[in-house]
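# sequence first, predicted coordinates after that:
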Amino acid sequence: MSDATVLQQEIAIEQQHVDRVYTRLAELRQDASRAEKEGYRQAGVGTFGALVERDAMVYHAARRRQTLDTEHEGLVFGRLDLLTGATHYVGRMGIRDDASRPLVVDWRAPAAAAFYQATPAEPLGVIRRRMIQSTRERVTGIEDDLLDPDAAPPGMTVVGDGALLASLAKATGTGMRDIVATIQREQDEAIRSPAGGVTIVTGGPGTGKTAVALHRAAYLLYSDRSRFAGGGILVVGPSGVFVNYIATVLPSLGEETATLRSLGSLVPGWDATRVDSTEVAAIKGSLRIRRVLERASHDAVPGAPTELRLLYRGALLRLDAQALEQIRRKVLQRGARRNEVRGTGFDRVFDALWAQARDAKLSGLPEKREFESELADRTDFREFLKAWWPRFTPLRVLRWLADPKRLRAYANGVLSRDEIETLQGSFDALAEHGPTISDVALLDELDELMGRPRKAQKKSRNPFHVRDGVQEVSTFADRQAAARAQQVEREEDYRDYAHVVVDESQDVSPMQWRMIGRRGAYASWTIVGDPAQTAWSGDPDELDRSREKALGTRQRNSYSLTTNYRNSSEIFAVAASVIRAILPDLPLPSAVRSTGVDPVDVVTTAGALPATVRELAEKQLADVDGTIGVIAPVSRRDEMAAWVTGLPERVHVVTALEAKGMEYDAVVLVEPGQIAVDKSGVRTLYVALSRATQRLTTVGTNPDWHP
Ligand SMILES: Nc1ncnc2c1ncn2[C@@H]1O[C@H](COP(=O)(O)OP(=O)(O)OP(=O)(O)O)[C@@H](O)[C@H]1O
């Protein structure tokens with residue numbers, strides 16, 4: 001029999017099983033929606049016990065239906081033939097037949113672990129591992145690994161032509177794909193790492209760190225749903241572009257509950273995308289800036305009234321600048337939070353005025369309380385208090401740093417002269433354009449330093465109340481669903497996450513570790529990153545210390561990934577040569593896939609650059625099916641975006657920093673020489689050079705720069 005015929009036969013065998021699975025899936029879906037409808041119809045009748053039971057059933061039916069409704073392309077993707085004679089199918093979710101026999105085992109279940117972990121050296125009771133590829137409900141390919149040839153029964157066939165490599169060669173869409181069918185052993189170990197403590201995953205470009213982090217989140221939700229869905233999982237990535245790129249992975253695994261945030265959007269109210277220069281980011285990211293902010297948070301308000309004059313029952317009550325300053329300093333001593341002690345500040349003003357009124361022996365002076373309410377009723381007095389001690393928002397105080405005199409005063413003795421000079425001007429655009437990504441961590445710090453302005457207490461909502469007037473007919477399922485919805489929405493600045501995942505962790509500054517740490521005080525963590533890709537140009541020890549502080553004394557479990565699945569070996573060779581120039585001993589991952597296409601380097605003149613970039617992008621459009629990344633130096637993004645306007649949406653223009661974590665089928669990297677201006681620039685260039693799966697073209701005006 002020819003290989004092709006054997007393959008077709010095996011495909012037909014697997015198709016039979018896959019058909020059974022989809023038939024069963026349709027039945028389960030029907031059962032679940034029937035149970036759900038039935039429960040709703042009967043709600044409100046019967047004994048309390050019967051109601052609770054039925055409600056619980058409805059709730060489970062509703063959840064089950066939701067899971068069953070998720071799109072299930074490639075629902076079954078694996079099969080294990082075991083020494084015991086049993087056969088297990090592995091898939092995106094667990095499904096049983098009507099006699100409760102498993103038709104598919106969920107990929108996260110312990111019984112599925114061997115699918116990812118078995119090797120010929122350690123077969124874990126698996127004779128043959130089979131990967132099943134499908135399009136919609138049709139099986140299209142099979143890839144076998146014979147792990148224990150001696151134990152193979154006669155007639156066991158082995159077919160396949162590299163499912164992993166085939167999956168890697170597929171064109172990239174705009175979002176990242178899940179890798180559930182082809183997770184590799186070293187990745188699986190990190191995914192199934194213990195739920196507690198800190199899991200640290202390191203590895204070079206394209207080794208699947210992001211994929212591992214997201215599949216780990218799905219694994220945790222499966223293995224302890226009440227803990228992780230209840231408390232919530234926070235996933236932090238470097239930029240909004242990146243967060244959009246990874247946003248579909250968890251939903252494709254049937255998990256919707258994780259919260260995804262970029263470093264610029266971790267603090268409610270902000271979605272920062274502006275970046276500072278590397279030098280400015282290093283100062284704003286350093287813990288020393290905290291002292292600068294602390295001083296600002298205690299300083300007098302610009303333009304605040306310097307004295308208070310009040311005519312009261314014919315007498316002049318007066319607090320001069322010195323008296324007001326004394327009150328302010330006294331109230332703000334010992335780390336008091338400005339917004340929280342505002343009332344105390346006002347009380348001290350009343351006290352000082354009361355003392356004056358008493359000393360003046362005014363006739364008809366009422367009791368102190370009456371005196372205070374008389375003053376409090378006066379508009380001029382209220383206006384004074386508001387101007388003298390307003391409610392502060394973090395943004396308002398951060399904007400004071402745009403004033404060179406104030407900046408110098410706050411930073412004096414904390415930052416060097418050069419640093420102060422570098423920082424100058426970097427807060428100027430705050431008012432008009434909002435914060436930079438680094439500023440967001442400073443706003444969070446100020447929020448902590450000043451405390452919250454007291455808000456009127458919101459009436460707390462009863463999570464079990466569904467709609468007015470329908471409480472008595474709502475089922476337990478409705479109420480659970482309402483409670484869950486509220487839980488998933490969470491309060492705006494929710495901080496009690498059960499698990500925090502930090503991607504591209506090498507780029508998180510000390511101040512940003514503080515910001516993330518505040519949201520993970522009770523969490524277990526997964527930290528993934530590659531130190532060689534860091535853009536941080538500040539003190540590396542300070543960075544390590546602040547990360548360690550955020551993670552606390554929790555147990556550490558470390559994993560390293562060694563295979564680059566993204567780049568062709570030809571492309572990674574170029575990236576490797578660049579990083580080797582500054583880190584000659586750095587261990588690098590091996591790129592497993594060769595395309596036979598070498599990267600291209602084009603040198604041109606400044607005048608011809610725009611047209612050349614456009615031509616090169618057009619050429620990539622013809623050469624590859626998927627996405628094309630045009631990567632620009634940070635300061636030239638908009639200019640270069642104009643060069644390729646009007647090209648199809650497959651062409652994305654990003655800065656070298658925004659390219660962190662991203663992946664494109666082809667990359668046109670513009671002016672690499674302008675990215676690699678210093679050591680941290682070389683690292684950023686290394687990142688940019690390792691983004692492409694199929695084609696890499698570098699183009700610039702500097703003939704001395706060579707990949
Ligand atoms: N086991 C696998 N099977 C199929 N594809 C994989 C596998 N592991 C990783 N990949 C693919 O390799 C590419 C790189 O993965 P990912 O972005 O997670 O790597 P990374 O280590 O985070 O990279 P970087 O540090 O460069 O940002 C992605 O397209 C991912 O889907």
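Yep, it's here. Numbering: from 1, shown residues only.
# where does residue 308 fall, phi/psi-wise?
Geometry field for residue 308 lists phi and psi as phi -120, psi 130, criterion degrees, to the nearest 10.
# I figured it hits residue 316, correct?
No - with contacts counted by Cβ atoms under 8 Å, residue 308 stays clear of residue 316, the gap being 10.5 Å. Every C-beta, even on glycine, is put in place using the N, C-alpha and C of the backbone.
# hmm, which helix or strand of this protein has the shakiest average pLDDT?
In the chain, the helix or strand scored least confidently by mean pLDDT, DSSP states H and E is helix 476-489, which has a mean of 47.
# for residue 329, report the pLDDT, please.
Predicted confidence (pLDDT) at residue 329: the value is 87.
# quick check, it in a helix?
Yes - counting by DSSP: H, G, I helix; E, B strand; the rest coil, residue 329 is part of a helix.
# ok, it - how many residues close by?
Residues contacting residue 329 under the criterion other Cβ atoms under 10 Å number 11.
# equivalent analysis for residue 33, please.
Residue 33: 16 surrounding residues under other Cβ under 10 Å.
# packing partners for the host helix or strand of it?
For residue 33, the enclosing helix or strand under DSSP states H and E is helix 3-42. Contact here means 3 or more Cβ pairs under 8 Å, 6 or more residues apart in numbering; DSSP states H and E; on that basis helix 3-42 packs against helix 48-69, strand 76-82, strand 87-91, strand 95-96, strand 102-106, strand 126-135, strand 138-146, helix 476-489.
# buried set for that helix?
Applying a neighbour-count criterion of 16 or more other Cβ atoms under 10 Å, the buried positions in helix 3-42 are 7, 10-11, 14-15, 17-18, 20-21, 24-25, 28, 32-33, 35-36, 39-40.
# for residue 696, helix, strand, or coil?
When the structure is reduced to helix, strand and coil (three-state DSSP), residue 696 reads as strand.
# ok, it touching residue 602?
No - in this structure, residue 696 is not within contact of residue 602 by Cβ under 8 Å, at 11.5 Å.
# quick one: which of these two has more around it?
For residue 696 against residue 602, the residue with the higher neighbour count under other Cβ under 10 Å is residue 696, and the figures read 30 against 16.
# the more buried one: what's it in contact with?
For residue 696, the residues meeting the contact criterion (Cβ atoms under 8 Å, 6 or more residues apart in numbering) are 571, 574, 599, 600, 666, 667, 669, 689.
# switch those over to TSV; also include distance to the ligand, neighbour count and pLDDT.
TSV is the format used below for those (distance: Cβ to the nearest ligand atom, whole Å; neighbours: other Cβ atoms under 10 Å; pLDDT from 0 to 100):
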residue	distance to the ligand	neighbour count	pLDDT
571	12	30	97
574	14	21	96
599	17	21	97
600	21	14	96
666	14	29	97
667	12	30	97
669	15	28	97
689	10	30	97
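# pick out the most distant pair among these.
574 and 666 (13.9 Å; Cβ to Cβ).
# take the contacts of residue 696 and keep only those in strands.
Residues of these located in strands (DSSP state E): 600, 666, 667, 669.
# of the residues you listed, closest to residue 414?
Distances from these to residue 414 were compared by Cβ to Cβ; the smallest belongs to residue 669, at 38.5 Å.
# which residue is nearest the middle of the chain?
Residue closest to the mean C-alpha point of the chain, counted by Cα atoms, centre = their mean, is residue 236 at 2.3 Å.
# got the contact list for the nearest residue to it once chain neighbours are set aside?
Closest residue to residue 236 apart from its sequence neighbours, by Cβ to Cβ, 6 or more residues apart in numbering: residue 502 at 5.0 Å. Applying Cβ under 8 Å, 6+ apart to residue 502 gives the contacts 236, 508, 516, 525, 526, 527, 528, 529.
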